[in-house]
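*Asks:* build the 3D model from these lines:
(chains A, B, C and D)
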2 protein chains.
Amino acid sequence: MAKYNVIMDYGNNDLGKILKQQRITVPLTLQELAKASGVSSSHLGRIERGERFPSARILRKIAKPLGFDEDELFTLAGFLSPQSSGVAEDGSSRYAGRQLDPYVAKMLAEEPVEVQRAVIGILSLIKSIARGMAQEVKK
Amino acid sequence: MAKYNVIMDYGNNDLGKILKQQRITVPLTLQELAKASGVSSSHLGRIERGERFPSARILRKIAKPLGFDEDELFTLAGFLSPQSSGVAEDGSSRYAGRQLDPYVAKMLAEEPVEVQRAVIGILSLIKSIARGMAQEVKK
DNA sequence: ATTATATTTTGCCAATTGGCAAATGTCAAC
DNA sequence: GTTGACATTTGCCAATTGGCAAAATATAAT
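*Replies:* Down below sits the predicted model:
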């Protein structure tokens, strides 16, 4: 970063995707998040699609409604280096490739929490059966 | 903060004094700190006397030359609340009703997307069976 | 005092942030 | 299809950030 930046980066946007993913997963609309955080929905939208970069003040405001720890978001945004604060990893390892499909999140969110948890119960049952099968084959 | 801030605060400056104090005691001149941190000396000067407020990026750059921990400075600047780490999430109470349970989200997110979608498929299958049963009972 | 030199401050301006309001897109119900 | 109720995006603009270069101020040496 020798001089000024070459006018808005516009590509290479991880933070926006993470924020959007989290907002969808919660789930919230831009307007709801705007109301909960006190940041305008238009600004939030631009941040998500990488047209604006959030300041620390904005990041701090949206942290709680999205269920992030403050320092977690700061680290994700590159304001804080990974080893500072309690966040051990570099962010990409935690969120890249391990995300909840938005459609799935939307569907499940419509169910009562008991049903949601029951679904997870069934999933682990299936997985344990699969493990059993793998044992059989090996024998 | 309802709207915009009433144009530059200009009074009530702790951070600037702390930064200047630290720079003097290191000791460094504005120009030396500028060179060591990559922030212009004029900007640093204005920050010290409270005419500008440093962004997170700037704060991060000057932390090491001044011998601060990053999160220490962030806390001083009010970007980070004093006891920032270790806050467990409580989102379920706030957005009751239409939310995805955090535990469920975490569990599901660890599965590949195909599995996530398969789970939803199974769920709708079960629901359709349940609907059939409800019909039987009514008859 | 007077020049030389180092340090800080100021004037100016491009870049960026973030809000409001209007435009646009989406989607279900009729 | 149209209406209405949403959500998201866009146009515009005020406020702020931060750099460069020149001006002011302090410091030292002769």
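
*Asks:* might one say that residue A:119 is in contact with residue B:121?
*Replies:* No: contact criterion CB atoms under 8 Å: residue A:119 and residue B:121 do not qualify, at 11.2 Å. Heads up, the C-betas are built off the backbone N, CA and C, glycines and all.

*Asks:* neighbour count winner among these two?
*Replies:* Between residue A:119 and residue B:121, counted using other CB atoms under 10 Å in any protein chain shown, the more crowded position is residue A:119 (19 against 11).

*Asks:* secondary structure class for that one?
*Replies:* Recorded secondary structure, residue A:119: helix (DSSP: H, G, I helix; E, B strand; the rest coil).

*Asks:* what pLDDT does it get?
*Replies:* Here the pLDDT value assigned to residue A:119 is 78.

*Asks:* what residues does chain A put near DNA strand D?
*Replies:* Within reach of DNA strand D by CB under 7 Å from any atom of the strand, chain A has these residues: A:3-4, A:29-32, A:41-42, A:45-46, A:48-49, A:51.

*Asks:* can you list which of these are found in strands?
*Replies:* Residues of these located in strands (DSSP state E): none.

*Asks:* of those residues - the most surrounded one?
*Replies:* Neighbour counts for the residues of chain A next to DNA strand D peak at residue A:48, which has 22 neighbours (criterion: other CB under 10 Å).

*Asks:* wait, that residue sits on residue A:16?
*Replies:* Yes: contact criterion CB under 8 Å: residue A:48 and residue A:16 qualify, at 4.6 Å.

*Asks:* would you map the helices across chain A?
*Replies:* Assigned by DSSP state H, the helices in chain A fall at A:15-25, A:30-37, A:41-48, A:56-66, A:70-76, A:92-95, A:102-109, A:113-138.
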